[in-house]
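[1] Model the structure of this input:
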Amino acid sequence: MADLPNAVVKRLIAKYSDGMRVSGGAISVAVAAAEDYVGRLAREAHASAVADKRKTIMEADIDKARTKLG
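    Sure, this is the predicted structure:
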């Protein structure tokens, strides 16, 4: 089961695709892709916080992770 709500992803896709309708299959694939990206982002941000000997992921950690992941 997905952690990200389909409705949120559907709304974002519609927002950035000029209101175009989105099939259920496309939403499922987009949810999986978004969860994959957020997972990789979280792992990189975690590694940054650990490297700085912190137990809290900070905004800078997310920024560094985004830069690294592209």
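[2] where do the strands sit along this protein?
    Counting by DSSP state E, one finds no strands in the chain.
[3] count of neighbours near Ala30?
    By the criterion of other C-beta atoms under 10 Å, Ala30 has 17 neighbours. C-beta coordinates here come from the backbone N, C-alpha and C atoms, glycine included.
[4] What of the one 10 residues further on?
    The tally of other residues near Arg40 (other C-beta under 10 Å) stands at 13.
[5] Ok, the one 4 residues further on next?
    Taking other C-beta under 10 Å as the criterion, the count of residues near Glu44 is 19.
[6] Same check on Leu4?
    Residues lying near Leu4 (other C-beta under 10 Å) number 14.
[7] now swap in Glu59 and tell me
    Close neighbours of Glu59, defined as other C-beta under 10 Å, add up to 8.
[8] Now do it against Pro5, distance only.
    24 Å (C-beta to C-beta, to the nearest Å).
[9] do Gly19 as well
    Note on Gly19: its distance to Pro5, by C-beta to C-beta, is 20 Å.
[10] go on, Val31?
    8 Å.
[11] Looking at those two, which one has more neighbours?
    Between Val31 and Pro5, counted using other C-beta under 10 Å, the more crowded position is Val31 (18 against 10).
[12] The lengthiest helix in the chain packs against which elements?
    In terms of residue count, the longest helix belonging to the chain (DSSP state H) is helix 24-51. Counting contacts by 3 or more C-beta pairs under 8 Å, 6 or more residues apart in numbering; DSSP states H and E, helix 24-51 is packed against helix 6-16, helix 59-69.
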